[in-house]
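> sequence first, predicted coordinates after that:
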Amino acid sequence: MVNRILVGAHYGLKDWIIQRATAVVMALYTLLFLVVVGAVGPDSFEAWRAVFAHGFMKFATFLFLVSVFYHAWIGIRDIWMDYVKPDGLRLLLMIATATVLVGYAGWAFQILWRI
C-alpha cells in the first residue's frame, strides 16, 4: 500500500482543467470577435455599439470576461501561495485580488448591459 503525503491546498487537477477550459473559452471568443469585427467593420461609436447591442454578443463578451477573471484568479492565487510565505500577508493579497477581480466583473456587467 502506498501512503500519499498531502501537502498544500490540494487544488491540482481541478484548477488545471479550469485553466484550460477558460483558455478555450477565451480563444473561441477571440475568433468570434475577429469574425464579427471583420464582417461588420465598425468604424464609428454607433457601429461598435451595434455590435454589442445583441444579447448574444453581450453574453459572449461577459462569458469571455468572467473566464479572463477566473483564469487570472487561479494564476495569481497560485503565485501568492507559492511565493508569499507569511500567512497573513498571503491572505491579505488573496482577498485584495479577489475583491478587485469581482469588482472588475461587476464593472464589465454594468458596461455591457448599459449599451
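Right, received. Where do you want to start?
> against which helices or strands is the helix or strand harbouring I111 packed?
Secondary structure assigned from DSSP states H and E places I111 in helix 87-114. The helices and strands touching helix 87-114, judged by 3 or more C-beta pairs under 8 Å, 6 or more residues apart in numbering; DSSP states H and E, are helix 55-83. Quick note: C-beta positions are derived from backbone N, CA and C, even for glycine.
> name the residues of stretch 59-67 that come out as buried.
Along stretch 59-67, the positions that meet the burial threshold by neighbour count (16 or more other C-beta atoms under 10 Å) are 60-62, 64-67.
> lowest average confidence, helix or strand, in the protein?
The weakest-scoring helix or strand in the chain, judged by mean pLDDT, DSSP states H and E, is helix 45-51 (a mean of 92).
> okay, that one in PDB with CA atoms only?
Listed next in PDB are the C-alpha coordinates belonging to helix 45-51 (Å, rounded to 0.1, in the frame of the first residue of the first chain):
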ATOM      1  CA  PHE A  45     -19.000  54.600 -32.000                       C
ATOM      2  CA  GLU A  46     -22.500  53.800 -33.200                       C
ATOM      3  CA  ALA A  47     -21.200  50.800 -35.200                       C
ATOM      4  CA  TRP A  48     -19.300  49.400 -32.200                       C
ATOM      5  CA  ARG A  49     -22.400  50.000 -30.100                       C
ATOM      6  CA  ALA A  50     -24.500  48.000 -32.600                       C
ATOM      7  CA  VAL A  51     -22.000  45.100 -32.400                       C
END
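> list the contacts of that helix.
Residues from elsewhere that reach helix 45-51 (C-beta atoms under 8 Å, 6 or more residues apart in numbering): 36-37, 40-42, 57, 115.
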